[in-house]
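Visitor: no sequence for this one, just the structure:
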């Protein structure tokens, strides 16, 4: 498959790109400085320079994409990236557990922390999720991310099947999240809905 990864040099984007190449896909890796992508050159790796805050540049970089996976996470860029991604093709998006549609499933501690420390970022996160969901894309809502390996017992559930933590959601590795997002790109099961990656 031909996949496009947004924010390919970020921690999650790098993991998406690495795993997609390992699965045999051709990857267009989009980043402000794609030369910083710490992966060996390959005839299946296409590095494209584009800044997601430049709507025209990112739309041009995404032109021709069929499936876009997003590792975007910075404040103030999510809705711009989501608009460009949904105009390009099917989207598999990374969101945050406890925001938007998953807020009702998060514990009071999570909702309080997000409302306190991410208050200015929440509207952008919710707006980008909404854009992707309305375009029949899939939004992954993950708990706090770690740098561990892909979980051998990983699974993905819909939001209604997600655990309802009393305090904080369980940590999940970026590698596990990337694997779940790639599974969804290859065989969509959660179109137009929230998916939750779990490690057990």
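Guide: Cool, got the structure. Model, not experiment: these values are computed from the prediction.
Visitor: only C-alpha atoms for contact and neighbour calcs from this point on.
Guide: Noted.
Visitor: ranges for the strands of the protein?
Guide: With DSSP state E as the criterion, the chain has strands at 2-6, 26-31, 45-49, 67-70, 90-96, 138-142, 145-146, 155-158, 172-173, 193-198.
Visitor: Same list, these, but as a markdown table with mean pLDDT and mean neighbour count please.
Guide: As requested, the strands of the chain are exported to a markdown table (pLDDT from 0 to 100; neighbours: other CA atoms under 10 Å):
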| stretch | mean pLDDT | mean neighbour count |
| --- | --- | --- |
| strand 2-6 | 97 | 25 |
| strand 26-31 | 97 | 24 |
| strand 45-49 | 97 | 18 |
| strand 67-70 | 98 | 26 |
| strand 90-96 | 95 | 26 |
| strand 138-142 | 96 | 26 |
| strand 145-146 | 94 | 15 |
| strand 155-158 | 96 | 17 |
| strand 172-173 | 96 | 22 |
| strand 193-198 | 96 | 24 |
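Visitor: can I get the ones you listed in a markdown table with distance to residue 16?
Guide: A markdown table is the format used below for the strands of the chain (distance: least, CA to CA, whole Å):
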| stretch | distance to residue 16 |
| --- | --- |
| strand 2-6 | 7 |
| strand 26-31 | 10 |
| strand 45-49 | 12 |
| strand 67-70 | 8 |
| strand 90-96 | 11 |
| strand 138-142 | 13 |
| strand 145-146 | 14 |
| strand 155-158 | 16 |
| strand 172-173 | 12 |
| strand 193-198 | 14 |
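Visitor: for these, which one sits closest to residue 124?
Guide: With CA to CA as the measure, strand 90-96 is the member of those nearest residue 124 (10.6 Å).
Visitor: Which strand residues bridge the spatially most central residue of the chain?
Guide: Residue closest to the mean C-alpha point of the chain, counted by CA atoms, centre = their mean, is residue 94 at 2.4 Å. Beta-bridge partners for residue 94, by DSSP bridges, are residue 140.
Visitor: isn't it right up against residue 68?
Guide: No - judged on CA atoms under 8 Å, residue 94 makes no contact with residue 68 at a distance of 11.1 Å.
Visitor: In terms of pLDDT, where does the closest residue in space to residue 14 that isn't next to it in sequence sit?
Guide: Spatial nearest neighbour of residue 14, excluding adjacent residues (CA to CA, 6 or more residues apart in numbering): residue 8 at 5.1 Å. Looking at residue 8, its pLDDT reads 97.
Visitor: One more: residue 14?
Guide: 97.
Visitor: show me what contacts it?
Guide: By CA atoms under 8 Å, 6 or more residues apart in numbering, the residues touching residue 14 are 8, 37-38.
Visitor: Check residue 170 and give its pLDDT.
Guide: 81.
Visitor: count of neighbours near the closest residue to it other than its chain neighbours?
Guide: Nearest non-adjacent residue to residue 170, counting by CA to CA, 6+ apart: residue 143, 5.9 Å away. Neighbourhood size, residue 143 [other CA atoms under 10 Å]: 22.
Visitor: rewinding a little: what count of nearby residues applies to the residue nearest to residue 14?
Guide: Residue neighbour count, defined by other CA under 10 Å, stands at 31 for residue 8.
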